[in-house]
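Participant: Here's a sequence, model it:
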Amino acid sequence: MFNLKQFAPIMEKVYQSLYNSKIYNKAKIASFVVLGIIDAEAYKRITGEDYSEASTENSK
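Facilitator: Numbering: from 1, shown residues only. The predicted model follows:
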């Protein structure tokens with residue numbers, strides 16, 4: 001069976017690359033936290049900022 005927790009580190013690396021390339025912004029990365037694909041700690045590692053629900057406001 002597919003386990004999302006095992007897949008999260010791979011997706012974090014992909015999102016880090018896309019964020020660094022300016023393809024994804026903070027709001028897009030925050031949306032993956034909302035979906036449960038990555039956690040708030042991964043958001044901080046990717047963006048350098050703490051995750052908060054306000055992070056998703058720019059995506060609306």
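Participant: For burial, what's the neighbour tally of residue 33?
Facilitator: Residue neighbour count, defined by other CB atoms under 10 Å, stands at 20 for residue 33. Using the backbone N, CA and C atoms, a C-beta is placed for each residue, glycine as well.
Participant: same deal with residue 28?
Facilitator: Neighbour count for residue 28, taken as other CB under 10 Å: 15.
Participant: cool, residue 26 as well?
Facilitator: 18.
Participant: packing partners for the host helix or strand of residue 41?
Facilitator: Using DSSP states H and E, residue 41 sits in helix 40-47. In terms of contacts (3 or more CB pairs under 8 Å, 6 or more residues apart in numbering; DSSP states H and E), helix 40-47 is packed against helix 4-20, helix 26-35.
Participant: can you give me how far the first one is from the chain middle?
Facilitator: Relative to the centre of its chain, helix 4-20 is centred 7 Å away, using CA atoms, centre = their mean, to the nearest Å.
Participant: neighbouring contacts of the helix holding residue 41?
Facilitator: 8, 12, 15-16, 19, 26, 29-30, 32-33, 38, 49-51, 55 (CB atoms under 8 Å, 6 or more residues apart in numbering).
Participant: Any of those buried? List them.
Facilitator: Among those, those scoring as buried are 8, 12, 15-16, 19, 26, 29-30, 32-33, 38, 51, 55 (criterion: 16 or more other CB atoms under 10 Å).
Participant: Would you format those as JSON lines with distance to residue 44 and pLDDT included?
Facilitator: As requested, the buried ones among the contacts of helix 40-47 are arranged in JSON lines below (distance: CB to CB, whole Å; pLDDT from 0 to 100):
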{"residue": "8", "distance to residue 44": "14", "pLDDT": "86"}
{"residue": "12", "distance to residue 44": "11", "pLDDT": "95"}
{"residue": "15", "distance to residue 44": "12", "pLDDT": "97"}
{"residue": "16", "distance to residue 44": "12", "pLDDT": "98"}
{"residue": "19", "distance to residue 44": "12", "pLDDT": "98"}
{"residue": "26", "distance to residue 44": "11", "pLDDT": "96"}
{"residue": "29", "distance to residue 44": "10", "pLDDT": "97"}
{"residue": "30", "distance to residue 44": "11", "pLDDT": "96"}
{"residue": "32", "distance to residue 44": "13", "pLDDT": "94"}
{"residue": "33", "distance to residue 44": "10", "pLDDT": "94"}
{"residue": "38", "distance to residue 44": "10", "pLDDT": "92"}
{"residue": "51", "distance to residue 44": "6", "pLDDT": "95"}
{"residue": "55", "distance to residue 44": "10", "pLDDT": "57"}
